[in-house]
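Engineer: based on what follows, work out the 3D shape:
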Amino acid sequence: SASRPVDPYASISSFDSEPDSIRAWRADFESRISTLEADAEKKQASTATKAQTELQDWYREYESKKTDRASANQSEEAAFVDQRDETTPGSEWDRVARLVDLSGKSSNKCG
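Structural biologist: All right, here's what the predicted structure looks like:
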C-alpha cells in the first residue's frame, strides 16, 4: 500500500486560527477606526468650507476698503492739487510756506 507523507505541521494547524475574542476585538477596532476616519473626513470638509467662506469674506472686505481708500486718495489728491495750483494774487508766499517744510524735523543731522 502506498503510504501518504505525514504533514508534520498538521497538529499545530488548530493554533493558526484566531480565538473568537481576538476576532471580536479586531472587528470592534476596525469599526471604531472607520467611524473615526469618517468623522475626521466630515470635520475636514467642514473646516475647508468654513475657511473658504472666511477667505471670501476677507477678500470682499479687502476690496471694499481698497475702493474706499482709493476714493479718499482721489479726493485728497484733488484738494492738494487745487491748493497747490492756487493762483490768487498776493498768496504766493503763503503757498511756498505750505509746500516747503520749514519745521526742521526732516533735516539730516550730521554727527
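
Engineer: tell me where this structure has helices.
Structural biologist: Using DSSP state H, the helices assigned to the chain run over residues 20-84, 92-99.

Engineer: now the angle from the last one to helix 20-84?
Structural biologist: Here helix 92-99 points in a direction 160 degrees away from that of helix 20-84 (axes from the mean of the first three to the mean of the last three CA atoms, to 10 degrees).

Engineer: can you put the helices of the chain in CSV and add distance to residue 8, mean neighbour count and mean pLDDT?
Structural biologist: C-beta: built from backbone N, CA, C; applies to glycine. Shown next, in CSV, are the helices of the chain (distance: least, CB to CB, whole Å; neighbours: other CB atoms under 10 Å; pLDDT from 0 to 100):
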stretch, distance to residue 8, mean neighbour count, mean pLDDT
helix 20-84, 26, 10, 95
helix 92-99, 107, 11, 78
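
Engineer: closest to residue 6 out of those helices?
Structural biologist: The closest of the helices of the chain to residue 6 is helix 20-84. By CB to CB, the value is 29.8 Å.

Engineer: list the helices and strands the closest one packs on?
Structural biologist: helix 92-99 (3 or more CB pairs under 8 Å, 6 or more residues apart in numbering; DSSP states H and E).
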